[in-house]
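> Everything below, folded, please.
(one chain, ligands or ions: 1)
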Amino acid sequence: MGLASKRGRSLTFPRRAPAWRSHRTMRDVKERALGKNVIVVGAGVVGLGCASYLQRFGHDVTLIDRLPPGRSTSYGNAGGIAGTFVLPLAMPGLMKKYVQYLLDPEGPVSVRWSHFPQLVPFLWQFWRNCRPERVRECTAALAAFMPPSYEAWEPLFKDAGLMHLVRHNGGLWLYRDKAALMKDWLFWRGRRDNGFEFTELDADLLRQTEPAVSREWQAAILEPDWYSVANPYEISVGLYAHLRARGAKLIEAEVRDFEKTANGIGAVITDKGRHAADAIVIAAGAWSHRLAKKLGSRVPLESQRGYHVTLPKAGVETRHTVVVGSAKIAISTLNCGVRIVGASAFTGVDAPPDWRQSKMVLAWGKRVLPGLDTEGMTEWFGERPLTPDSIPVMGPSPHFKNVFYAFGHSHMGLTTGAVTGRLIAQMVSGQATPIDMHPYRIDRSY
Ligand SMILES: Cc1cc2nc3c(=O)[nH]c(=O)nc-3n(C[C@H](O)[C@H](O)[C@H](O)COP(=O)(O)OP(=O)(O)OC[C@H]3O[C@@H](n4cnc5c(N)ncnc54)[C@H](O)[C@@H]3O)c2cc1C
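The predicted structure is shown next:
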């Protein structure tokens with residue numbers, strides 16, 4: 001690609017750190033039974049990834065969730081496992097784009113104005129992360145742990161009998177024309193600098209690669225490294241079934257507080273009772289900051305609410321996970337129909353849904369796949385847990401040595417649930433991790 005965007009021309013990306021390789025090639029060590037009784041708070045895909053690896057490492061696992069496994073944000077995502085997504089959301093020029101999106105009633109970003117005062121400190125930190133030096137640091141942190149995302153899932157999917165849901169079908173990014181593609185040049189250079197291959201497609205190649213896509217789209221990038229699952233909810237259900245078959249327990253309750261002892265946290269207090277534990281993992285998605293606060297840590301976590309529509313009788317299919325980058329829309333063909341996902345609504349987790357957002361998502365879907373049949377369509381929303389630097393929180397509490405955090409996976413929780421789980425299991429087991437966990441700690445400067 002020859003063109004450089006005006007902004008970020010001086011931005012260079014870190015090359016892949018050597019740690020990445022050892023992380024990728026590390027064997028999935030089955031540890032001796034350590035017999036720790038570990039409670040994982042949150043049975044979303046991240047909590048399930050943690051629980052699965054903790055069990056493989058020999059611990060006794062109890063999941064606590066107020067909902068059945070996989071019923072919250074992990075229920076309705078697009079099913080993409082995209083370990084190449086190593087660039088943070090905060091990039092040079094993004095805040096200007098966000099203002100444009102906010103002014104556009106059909107734009108992908110929206111704010112609930114009554115939530116705005118609470119949002120300001122987060123936006124300030126987000127904006128500070130758009131500086132080139134921070135983009136470099138955040139990219140290095142994401143690139144150090146994300147690339148082996150699928151390799152971390154594979155043994156879990158195999159053991160749980162879920163491989164029939166896995167596809168290695170690649171990601172396809174659509175652009176109106178070559179000029180629009182070039183506006184994203186910085187994004188693609190970052191990918192390439194991190195060693196990910198992709199192919200640029202002209203209009204003819206795009207038509208051959210994804211025949212259902214409308215002629216509005218004349219240029220594309222194909223990312224062959226992406227995997228996807230045919231149904232994200234069935235993945236959560238299957239992981240939980242396998243955990244349960246091997247002795248894990250589930251308590252359906254709301255975690256309200258923690259019981260402190262001289263050695264750390266001795267028990268989790270729920271609305272249904274007290275549950276003792278040797279170690280606790282907080283994997284409560286977009287609600288994790290509320291629990292972290294009770295454990296003495298303040299963390300800037302916002303929900304970036306997204307919506308989906310699923311069309312069971314769409315009448316067309318996509319071969320790839322198709323992305324309209326400019327609109328933050330993704331489309332995938334699942335075993336329950338064509339799913340279109342998108343929208344970034346900063347409303348706070350307690351706000352009621354705004355179904356105009358799902359209508360907007362559907363409208364974009366129709367621009368990509370004309371002739372979509374909406375009979376039987378279902379709508380849904382979920383809370384992406386977002387930190388200002390796009391880096392998840394993974395690591396021990398600075399206050400309680402038997403408490404570990406695993407949250408803040410924003411757009412990438414399905415992708416990175418297992419790789420997170422493996423790192424958490426290593427830390428809970430007192431093992432060395434293959435990467436430096438410093439950039440992911442809860443008490444970092446966001
Ligand atoms: C529209 C959309 C599309 C997406 N597409 C993709 C994609 O293609 N690929 C990808 O990798 N990611 C995608 N994501 C992101 C992904 O879905 C999330 O990152 C992921 O689901 C987060 O998982 P989690 O386990 O952290 O959170 P959740 O699934 O929300 O689970 C957290 C759990 O904690 C429980 N909980 C919280 N507080 C308490 C408490 N006090 N007591 C008891 N239980 C509690 C909740 O009930 C919930 O079940 C998408 C997200 C959205 C919204």
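
> Quick one: residues contacting the closest residue to the ligand within the stretch 301-446 of the chain.
Distances between the stretch 301-446 of the chain and the ligand by CB to the nearest ligand atom are smallest at residue 413, namely 2.2 Å. Every C-beta, even on glycine, is put in place using the N, C-alpha and C of the backbone. Contact analysis of residue 413 by CB atoms under 8 Å, 6 or more residues apart in numbering lists 44, 45, 46, 73, 74, 77, 285, 384, 385.

> and those near the ligand, which?
Contacts with the ligand are made by 44, 45, 46, 73, 74, 77, 285, 384, 385 out of those, judged by CB under 6 Å from any ligand atom.

> Looks to me like the residue of the stretch 301-446 of the chain closest to the ligand is in a helix.
Yes - Residue 413: assigned to a helix according to DSSP: H, G, I helix; E, B strand; the rest coil.

> and the residue in the stretch 151-300 of the chain that the ligand sits nearest to, what is it in contact with?
For the stretch 151-300 of the chain, the residue closest to the ligand is residue 285, as judged by CB to the nearest ligand atom, at 2.6 Å. Applying CB under 8 Å, 6+ apart to residue 285 gives the contacts 42, 44, 46, 72, 73, 74, 383, 385, 407, 413.

> now these: which count as buried?
With neighbours counted using 16 or more other CB atoms under 10 Å, the contacts of residue 285 contain these buried positions: 42, 44, 46, 72, 73, 74, 383, 385, 407, 413.

> Any chance of the residues you listed in CSV with secondary structure and pLDDT as columns?
Conversion of the buried ones among the contacts of residue 285 to CSV gives the following (DSSP: H, G, I helix; E, B strand; the rest coil; pLDDT from 0 to 100):
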residue, secondary structure, pLDDT
42, coil, 98
44, coil, 98
46, helix, 98
72, coil, 98
73, helix, 98
74, helix, 98
383, strand, 98
385, strand, 98
407, strand, 98
413, helix, 98
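
> can you list the residues of the protein near the ligand?
Applying CB under 6 Å from any ligand atom, we find that the chain lies next to the ligand at 41-47, 64-67, 72-74, 77-80, 254-255, 283-285, 287, 291, 306, 308, 341, 382, 384-385, 407, 409-415.

> So among the residues you listed, which ones count as buried?
Among the residues of the chain next to the ligand, those classed as buried by 16+ other CB under 10 Å are 41-47, 64-66, 72-74, 77-80, 255, 283-285, 287, 291, 306, 308, 341, 382, 384-385, 407, 409-415.

> Name the nearest residue to residue 70, ignoring sequence neighbours.
Nearest-residue entry for residue 70: residue 236, 2.4 Å, with adjacent residues in sequence omitted and distances by CB to CB, 6 or more residues apart in numbering.

> Give me the helices and strands touching the host helix or strand of the one you found, please.
Secondary structure assigned from DSSP states H and E places residue 236 in helix 232-245. Packing contacts for helix 232-245, counted by 3 or more CB pairs under 8 Å, 6 or more residues apart in numbering; DSSP states H and E, involve helix 45-56, strand 60-65, helix 149-159.

> Give me the residues contacting it.
43-45, 48-49, 51-52, 55, 61, 63, 69-71, 74-79, 156-157, 159-162, 165, 229, 248, 250, 334-335, 414.

> All the strands of the stretch 301-446 of the chain, in order from the start?
Secondary structure of the stretch 301-446 of the chain by DSSP state E, counting those that start in this stretch: the strands cover 302-311, 321-324, 329-334, 337-346, 378-386, 393-396, 403-407.

> mind checking which of these is nearest residue 195?
Smallest distance to residue 195 across these (CB to CB): 20.3 Å, for strand 321-324.

> where in the stretch 101-250 of the chain is pLDDT low?
Using pLDDT under 70 as the threshold, the predicted model of the stretch 101-250 of the chain has no low-confidence range.

> which residues of it fall in helices?
Counting by DSSP state H, counting those that start in this stretch, one finds helices in the stretch 101-250 of the chain at the ranges 116-128, 132-145, 149-159, 178-183, 185-193, 203-209, 232-245.

> Which positions within the last one qualify as buried?
Okay, so that is helix 232-245. 232, 233, 234, 235, 236, 237, 238, 239, 240, 242, 243.

> quick check: angle from that helix to strand 60-65?
Compare the direction of helix 232-245 with that of strand 60-65 by axes from the mean of the first three to the mean of the last three CA atoms, to 10 degrees and you get 140 degrees.

> Export helix 232-245 to CSV, keeping only CA atoms.
Presented in CSV, the C-alpha positions along helix 232-245 are these (Å, rounded to 0.1, in the frame of the first residue of the first chain):
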residue,chain,number,x,y,z
PRO,A,232,-21.6,-18.4,20.1
TYR,A,233,-24.3,-19.4,22.6
GLU,A,234,-23.9,-23.1,21.8
ILE,A,235,-20.1,-22.7,22.5
SER,A,236,-20.8,-21.4,26.0
VAL,A,237,-23.4,-24.1,26.6
GLY,A,238,-21.0,-26.8,25.4
LEU,A,239,-18.1,-25.5,27.4
TYR,A,240,-20.3,-25.5,30.6
ALA,A,241,-21.6,-29.0,29.9
HIS,A,242,-18.1,-30.3,29.7
LEU,A,243,-17.0,-28.5,32.8
ARG,A,244,-20.0,-29.9,34.7
ALA,A,245,-19.3,-33.4,33.4
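
> what's the angle from it to strand 329-334?
Using the same axes, to 10 degrees: helix 232-245 against strand 329-334 is 60 degrees.

> what's the answer for the third one, then?
An angle of 20 degrees separates the directions of helix 149-159 and strand 329-334 when computed by the same axes, to 10 degrees.

> ok, and what's touching helix 149-159?
Contacting residues not belonging to helix 149-159 are listed as 24, 28, 49, 52-53, 56, 81-83, 162-163, 165-166, 227, 235, 239, 242, 415-419, 421-422 [CB under 8 Å, 6+ apart].

> between the ones next to the ligand among the contacts of residue 413, which is nearest residue 320?
Distance to residue 320 across these (CB to CB) is lowest for residue 77, with 16.0 Å.

> you'd agree the closest one is up against residue 414?
Yes - contact status for residue 77 versus residue 414: in contact at 5.4 Å, counting by CB atoms under 8 Å.

> who's in contact with the closest residue to residue 345 other than its chain neighbours?
Nearest residue to residue 345 in three dimensions, chain neighbours excluded: residue 305, at 4.1 Å (CB to CB, 6+ apart). Contact analysis of residue 305 by CB under 8 Å, 6+ apart lists 343, 344, 345, 346, 347, 349, 351, 357, 381, 382, 383, 384.

> Which ChimeraX command selects the buried ones in those?
Provided next is the ChimeraX selection string for whichever of the contacts of residue 305 are buried by 16+ other CB under 10 Å:
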select :343,344,345,346,347,349,357,381,382,383,384
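
> Quick one: the contacts of residue 305 as a markdown table, columns for distance to residue 390 too.
Compiled in a markdown table, the contacts of residue 305 are given as follows (distance: CB to CB, whole Å):
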| residue | distance to residue 390 |
| --- | --- |
| 343 | 18 |
| 344 | 13 |
| 345 | 17 |
| 346 | 15 |
| 347 | 19 |
| 349 | 19 |
| 351 | 22 |
| 357 | 21 |
| 381 | 21 |
| 382 | 18 |
| 383 | 16 |
| 384 | 11 |
